[in-house]
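> coords please:
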Amino acid sequence: MVIDEIPAANLPLEDEGAVARRKQVCLRMIEELIARDKNYASVVMWSIANEPTLPDLIARLTGQEASPVPEYATAFLRDLVQHARALDPTRPVTLTGMMGAPLEWQEFTDVICVNRYWGWYEQGGRLEEAFATFDQELDLLYERFQKPILVTEFGADAVVGLHGQPSLMWSEEYQAELIRGYLEVARRKDFVIGMHVWNFADFQSTQSVRRVGGMNLKGVFTRDRRPKLAAHVLREFWHRPEGPAEPVPRAEEAPLPATPASSVPASAGQGAPRLYGQDASRPYLRALLEDVARRLDGRRPGLTATLRFDFGPAGIYRFVIVDGAVTLVEGDGEAVAWVRMKADTALKIFQGKLNPMVAVVTGQ
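Numbering: from 1, shown residues only. This next block holds a predicted model:
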């Protein structure tokens, strides 16, 4: 089965003029692609872009840029999807999203395709944490879109012949363990319709601190097609009879990094609501924030700033910091930085049940 994609990879949607010029090129490429391949039964889907990005993507993820996603960028991708759909209404149309890309770009696709590298570019060396993060993110993506999900890239680099026990990054064991864990997580989810390991074989890339010898070593085979341990893991999966997935720690069970308010007074913990509602959440949220304020108080002498936490109907709170002294204040007001999330999301983060990074990249 083939996902047929135009050569529009890593497009930086940086300004309206450049995007308008690229749009004409991409529209023509879609027309040529579909005209050439539409009669091949092996082609199951069209893809109009791979990992489109914004130049200020990191600033948006870290809260330094809070403006809406430029409409010209969203319209560019939406128009390409609609054009492909009009040329061939018999096949689904998608685009491949990178980690942290605007989720609204996936709203108009038929299948949610994502490239994910938890355990490699993020959370490297912490596989159980990475599997839990991947588990959480898949659930939240499906909760938002209610569409089938296809993981179009996942994997890790491995230097052939490098071994480690316990597994270490860049070893064959680490790559094999990461691939196995991702596949086991995905097997538990009916809405995940496929997983595509990146990559089949090692290939020449560019010189970089991420590229040993200028090679991308994510192949499960070497450049001369010798199998690594990961190839045997895949063979095992392909020959495994269908049945229940092997147990892998679920998101709520696997260890997550400690969050700022993971240690709260016993009295606060005993009052934690089991079913989240805005009214039930308010006193517990306040207790959590009071604990954070106590632990931050006096830690940064000379710091004067105000931070705002907006939990919607559950209330707005601010940390007013004057020369390092922290006071929790209820109510809106000026702030140099802010975070907005639902109360139940905040509780899950504070209780260590939701990775904050997953909350960010899934728009929580």
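> then the helix or strand hosting residue 344 to CSV, C-alphas only?
Residue 344 belongs to helix 343-350 when assigned by DSSP states H and E. Only the C-alpha atoms of helix 343-350 are listed here, as CSV (Å, rounded to 0.1, in the frame of the first residue of the first chain):
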residue,chain,number,x,y,z
ALA,A,343,-9.4,22.5,35.3
ASP,A,344,-9.3,18.7,34.7
THR,A,345,-6.2,19.1,32.5
ALA,A,346,-4.5,21.1,35.2
LEU,A,347,-5.3,18.5,37.9
LYS,A,348,-4.0,15.7,35.7
ILE,A,349,-0.7,17.6,35.2
PHE,A,350,-0.4,18.5,38.9
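> do me a favour and average the pLDDT over that helix.
The average pLDDT within helix 343-350 is 87.
> which helices and strands sit right next to that helix?
For helix 343-350, the packing partners by 3 or more Cβ pairs under 8 Å, 6 or more residues apart in numbering; DSSP states H and E come out as helix 278-296, helix 356-361. All C-beta atoms are positioned from the backbone trio N, CA, C, and that covers glycine.
> contacting residues for residue 167?
By Cβ atoms under 8 Å, 6 or more residues apart in numbering, residue 167 lies in contact with 127, 173-174, 176-177.
> buried ones in the longest helix belonging to the chain, by neighbour count?
Counting residues, the longest helix in the chain under DSSP state H turns out to be helix 16-37. By neighbour count on 16 or more other Cβ atoms under 10 Å, the buried set for helix 16-37 is 19, 22-23, 26-27, 29-30, 33-34.
> and what of stretch 93-104?
By neighbour count on 16+ other Cβ under 10 Å, the buried set for stretch 93-104 is 93-103.
> low-confidence stretches in this structure?
Residue ranges of the chain with pLDDT under 70: 242-280.
> next, format the contacts of residue 167 as a markdown table and append secondary structure, distance to residue 359 and neighbour count.
Listed next are the contacts of residue 167 as a markdown table, based on DSSP: H, G, I helix; E, B strand; the rest coil; distance: Cβ to Cβ, whole Å; neighbours: other Cβ atoms under 10 Å:
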| residue | secondary structure | distance to residue 359 | neighbour count |
| --- | --- | --- | --- |
| 127 | helix | 21 | 23 |
| 173 | helix | 31 | 18 |
| 174 | helix | 27 | 26 |
| 176 | helix | 30 | 22 |
| 177 | helix | 26 | 20 |
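> nearest to residue 236, of those?
For the contacts of residue 167, the closest approach to residue 236 (Cβ to Cβ) belongs to residue 176, at 10.0 Å.
> and the closest residue to residue 226 other than its chain neighbours, its phi and psi?
Excluding its sequence neighbours, the residue lying closest to residue 226 (Cβ to Cβ, 6 or more residues apart in numbering) is residue 160, at 6.9 Å. Per-residue torsions, residue 160: phi -60, psi 130 (degrees, to the nearest 10).
> can you count the residues close to residue 160?
Residue 160: 16 surrounding residues under other Cβ atoms under 10 Å.
> give the contact list for it.
Counting by Cβ under 8 Å, 6+ apart, residue 160 has contacts 172, 202, 217, 222, 226, 228.
> hmm, which of the residues you listed are the buried ones?
172, 202, 217, 222, 228.
> residues in contact with residue 55?
For residue 55, the contacting residues are 12, 14, by Cβ under 8 Å, 6+ apart.
> that one and residue 71, how far apart?
16 Å (Cβ to Cβ, to the nearest Å).
> re the thing from before, quick check, nearest of the contacts of residue 160 to residue 326?
Comparing every one of the contacts of residue 160 with residue 326 (Cβ to Cβ), the shortest separation belongs to residue 217, at 46.7 Å.
> would you agree residue 99 falls within a strand?
No. Read with DSSP: H, G, I helix; E, B strand; the rest coil, residue 99 is coil and lies in no strand.
> hang on, it packs against residue 123?
No. Contact criterion Cβ atoms under 8 Å: residue 99 and residue 123 do not qualify, at 11.2 Å.
> which stretches in this protein count as strands?
Ranges of strands in the chain, per DSSP state E, are 2-5, 43-50, 93-97, 112-115, 149-153, 192-195, 203-204, 215-216, 305-310, 316-322, 325-330, 337-340.
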